[in-house]
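**Q** predicted model and sequence below, questions to follow.
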Amino acid sequence: MPVPMDLINTLADLYPETRDARALWERAGGRGREVESNPNARDLWQRLWRQSSQGASVTPEALLKAALADNENNAVLKGALLTVQTEHQAPVTTRAPIDQGVAPELELAALLSSLFSAAELRIFLYHLPGGRELDNALPGAVTPLSELSHEASKLLIKRGHLGDGLFKALLGERPGRAADIEAVKRRLVQ
């Protein structure tokens, strides 16, 4: 989803301080720690919009609804919400549907790649039970996300992490992607 500059400018004007942005993010269902301090409100909102568009804990729709609760007559927010709702009438996903016959590690790798950047995936894995060992078994820091997610999925399966705990942790990190996470869980967890 492209970054709509009129929306970014509006959000920056309405919520110019990091604490304001963090409060809105939390009202939209996100975690405040996801909002990093930035003295430039436009840069902050560009980053937050990209995060929400790429499967963060807050969806663009939830973010706009929270902002509209504070500013119900704002035409830019209303227009952006209508656009987001129109574009996302199908389930939100950044990956193609996976064939039922695909190997579990490939399906899990596709899910991980759609949820995280390489750095975020490493952090997520590190916080799982046995995460330090998982992190140490992964390829180096400059490994592309596709390779990293594939290796991570093989390790998760091999070490017995493919269960409710993994999917609960994924839902905790990316609640906005619950439909995708639950679909993969149904196919992989017996």
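**A** Received the coordinates, thanks. Numbers count the residues shown, from 1 in each chain.
**Q** helices and strands of the chain: which one has the lowest mean pLDDT?
**A** Every helix and strand in the chain was compared by mean pLDDT, DSSP states H and E; the lowest is helix 75-87, with a mean of 81.
**Q** how far does that helix sit from its chain's centre?
**A** Taking Cα atoms, centre = their mean, to the nearest Å, the mean C-alpha location of helix 75-87 is offset from the chain mean by 20 Å.
**Q** where along the protein do the helices fall?
**A** Remark: helices assigned in the chain by DSSP state H are 5-14, 18-27, 41-53, 60-70, 75-87, 104-115, 118-126, 131-137, 145-158, 164-173, 178-188.
**Q** any idea which of these scores lowest on pLDDT?
**A** Comparing those by mean pLDDT, the weakest confidence falls on helix 75-87, with a mean of 81.
**Q** what's in contact with it?
**A** Here helix 75-87 makes contact (Cβ atoms under 8 Å, 6 or more residues apart in numbering) with 1, 4, 6-7, 10, 60-61, 64-65, 67-68, 71. Glycine gets a C-beta too; all of them are placed from N, C-alpha and C.
**Q** what do you get for stretch 152-171?
**A** Residues from elsewhere that reach stretch 152-171, judged by Cβ under 8 Å, 6+ apart: 104-106, 108-109, 111-112, 115, 121, 124-125, 127-130, 133-134, 137-138, 177-178, 181-182, 184-185, 188-189.
**Q** who's sitting farthest from the centroid in the protein?
**A** With distances taken from the mean C-alpha point of the chain and given as Cα atoms, centre = their mean, the most distant residue is residue 73, at 28.6 Å.
**Q** need the per-residue pLDDT for it.
**A** At residue 73 the predicted local distance difference test score is 90.
**Q** same question, residue 94
**A** Taken from the predicted model, the pLDDT recorded for residue 94 is 42.
**Q** just use 36 as the starting number from now, easier for me
**A** Yes, from this point I'll number from 36; that puts the last item at residue 129.
**Q** residue 181: which of the contacts of helix 110-122 is nearest?
**A** The shortest gap between residue 181 and any of the contacts of helix 110-122 belongs to residue 36, at 21.4 Å (Cβ to Cβ).
**Q** one step back: quick one: the least confident helix or strand of the chain to helix 40-49, angle?
**A** 130 degrees (axes from the mean of the first three to the mean of the last three Cα atoms, to 10 degrees).
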